[in-house]
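A.B. asks: take this sequence and fold it.
(one chain, ligands or ions: 2)
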Amino acid sequence: MWSVVIPVKPFSRAKSRLAAGLGPWRHELAHAFFLDTLWAVRNTEGVRTVVVVTADPLAAAQTRTLGAVVCPDAPGVGLNAAVRLGAAKCRAVGPEGPVAVLTADLPGLRPQELDHVLREARHHRRAFVADHTGEGTTVLTALTTAGLAPAFGSGSGHRHALSGAFPLEMPSDCGVRLDVDTPEDLARVALRGVGPYTAALFRLRKARYPVADPVQGASSTASS
Ligand SMILES: Nc1nc2c(ncn2[C@@H]2O[C@H](COP(=O)(O)OP(=O)(O)OP(=O)(O)O)[C@@H](O)[C@H]2O)c(=O)[nH]1
Ligand SMILES: C=C(OP(=O)(O)O)C(=O)O
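C.D. replies: Ligands and ions are numbered 1, 2, ... in the order given. Now for the predicted structure:
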């Protein structure tokens, strides 16, 4: 059984690369992306413990509501330190076992995809899934929490590979590789299909988002 760590920065500071195209709505999107990621993880067979590392009070409250464990983030220490805090929390709640770290911006993630990734990752001391560009990382796994050695950040896919993590091959258009950083990423994942929270937000705000509406399938256009 797997432990999963999901690091989540405060929604008010999230998705700066979406600012140009989406302005203040990016914070709502970051929130919906997190909920869809957490929902998919919680519905993945073989996942026992989910630890969300965050300083955001709303993310913390909804983490508890969805039956996951909150690990308070230390302000200003950055993503890799947050991942290490989450790994330590997994050890604390125990028992020690395999752990996967997922970014919280995977609104197209499907439980069966993550199940496949975790089954494959079982064969490797350390493994990762590159994002759809091949440059970043959306999932990092290790058979023990001490073995994670996270190196997230720009170009992390190459760093994880160079440090010995096995690259798990997944189609570039599957949800586990479709993290959303830019408006183009948002259009890509919207066309593929998003989880219930992001889909609901699209319907609510579809006049604001210049992307295909995953529910209607039509292209949303600003109506105001
Ligand atoms: N707990 C925690 N999570 C973080 C931190 N920095 C990034 N994350 C999370 O790590 C994942 C990747 O984040 P980034 O793509 O670097 O940041 P972002 O807010 O999604 O996008 P940008 O603002 O455009 O960089 C997301 O799930 C973030 O919420 C941090 O310092 N602490
Ligand atoms: C933190 C990462 O995500 P991004 O590239 O979206 O910053 C990463 O790929 O390691």
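
A.B. asks: please make it C-alpha for all contacts and neighbour counts, starting now.
C.D. replies: Fine.

A.B. asks: residues from the chain in reach of ligand 2?
C.D. replies: Contact residues, the chain versus ligand 2 (Cα under 6 Å from any ligand atom): 136-137, 152-154, 156, 181.

A.B. asks: would you list the residues you listed in JSON lines and tack on pLDDT, neighbour count and secondary structure?
C.D. replies: Output for the residues of the chain next to ligand 2, formatted as JSON lines (pLDDT from 0 to 100; neighbours: other Cα atoms under 10 Å; DSSP: H, G, I helix; E, B strand; the rest coil):
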{"residue": "Gly136", "pLDDT": "98", "neighbour count": "22", "secondary structure": "coil"}
{"residue": "Thr137", "pLDDT": "98", "neighbour count": "28", "secondary structure": "strand"}
{"residue": "Phe152", "pLDDT": "98", "neighbour count": "21", "secondary structure": "coil"}
{"residue": "Gly153", "pLDDT": "97", "neighbour count": "14", "secondary structure": "coil"}
{"residue": "Ser154", "pLDDT": "96", "neighbour count": "11", "secondary structure": "coil"}
{"residue": "Ser156", "pLDDT": "98", "neighbour count": "20", "secondary structure": "helix"}
{"residue": "Asp181", "pLDDT": "94", "neighbour count": "15", "secondary structure": "coil"}
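
A.B. asks: quick check, nearest of the residues you listed to Asp115?
C.D. replies: Using Cα to Cα, Thr137 comes nearest to Asp115 of the residues of the chain next to ligand 2, at 17.3 Å.

A.B. asks: so the closest one sits against Pro150, correct?
C.D. replies: No. Assessed by Cα atoms under 8 Å, Thr137 is found out of contact with Pro150, at 10.1 Å.

A.B. asks: name the residues of the lowest-mean-pLDDT helix or strand in the chain that are buried.
C.D. replies: The helix or strand of the chain with the poorest confidence is helix 19-22; it has a mean of 80 (mean pLDDT, DSSP states H and E). Buried residues in helix 19-22, defined by neighbour count with 16 or more other Cα atoms under 10 Å: Leu22.

A.B. asks: elements contacting the helix or strand just after that helix?
C.D. replies: Following helix 19-22 in sequence order, the next helix or strand is helix 25-42 (DSSP states H and E). Counting contacts by 3 or more Cα pairs under 8 Å, 6 or more residues apart in numbering; DSSP states H and E, helix 25-42 is packed against strand 2-8, strand 47-54, helix 111-121, helix 196-205.

A.B. asks: please repeat the previous calculation with a cut-off of 7 Å.
C.D. replies: Helix 25-42 is packed against helix 196-205, with contacts defined by 3 or more Cα pairs under 7 Å, 6 or more residues apart in numbering; DSSP states H and E.

A.B. asks: closest to Gly21 among the residues of the chain next to ligand 2?
C.D. replies: When those are compared for distance to Gly21 (Cα to Cα), Asp181 wins out at 11.1 Å.

A.B. asks: for the closest residue to the closest one other than its chain neighbours, grab the count of nearby residues.
C.D. replies: Distances taken as Cα to Cα, 6 or more residues apart in numbering put Arg17 closest to Asp181, at 5.9 Å, once the chain neighbours are dropped. Per other Cα atoms under 10 Å, the neighbour tally for Arg17 reads 14.

A.B. asks: I'd say Arg17 and Pro183 touch.
C.D. replies: No. If you go by Cα atoms under 7 Å, Arg17 and Pro183 don't touch, sitting 8.2 Å apart.
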